[in-house]
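[1] Take this sequence and fold it.
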Amino acid sequence: MSVPEDDIDWSLTTWEGSRRAQLRDWMKLSLTEKWQAVEEMVDLARETVERRHQQGLPYIDPYTGERVPGSAAVREGPPDSSGQAGDIS
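    Residues are numbered from 1 along each chain as shown. Modelled structure (predicted):
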């Protein structure tokens, strides 16, 4: 079922409008809900880093902020003019 065009708030379809809507939604959350959301984001970040580490992919160390090169051969840059892959780390 489609929504009639009159019911669409077109101001929310821009980057700025979307960002304002996200901030309004965040401000509606209680402190407990905000804390829970932050904890879930931390868990997701840790899982992502651990998964990349296990797969041998590069990642940013969350404690030092330094880039950790992976052990797998990963193309770091776009192909050069000869069509060859960029740097491999």
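[2] Check the residue nearest to the spatial centre of the chain and give its pLDDT.
    Central residue of the chain (CA atoms, centre = their mean): A45, 9.2 Å from the mean position. Turning to A45, the model gives it a pLDDT of 93.
[3] The one 10 residues further on now?
    Q55 is assigned a predicted lDDT (pLDDT) of 91.
[4] Could you do W26 as well?
    At W26, pLDDT is 95.
[5] go on, D61?
    Confidence score, pLDDT, at D61: 89.
[6] quick revisit: give me the number of residues near the closest residue to the residue nearest to the centre of the chain other than its chain neighbours?
    Leaving aside its sequence neighbours, A45 sits nearest to P62 (CB to CB, 6 or more residues apart in numbering; 6.7 Å). Using the backbone N, CA and C atoms, a C-beta is placed for each residue, glycine as well. Using other CB atoms under 10 Å, P62 has 11 neighbouring residues.
[7] tell me the contacts of the closest residue to I60 other than its chain neighbours?
    Once flanking residues are discounted, I60 sits nearest to R67: 5.8 Å by CB to CB, 6+ apart. Under the criterion of CB atoms under 8 Å, 6 or more residues apart in numbering, the neighbours of R67 are P58, Y59, I60, D61.
[8] one more time with 10 Å, if that's ok
    Going by CB atoms under 10 Å, 6 or more residues apart in numbering, R67 touches P58, Y59, I60, D61, S89.
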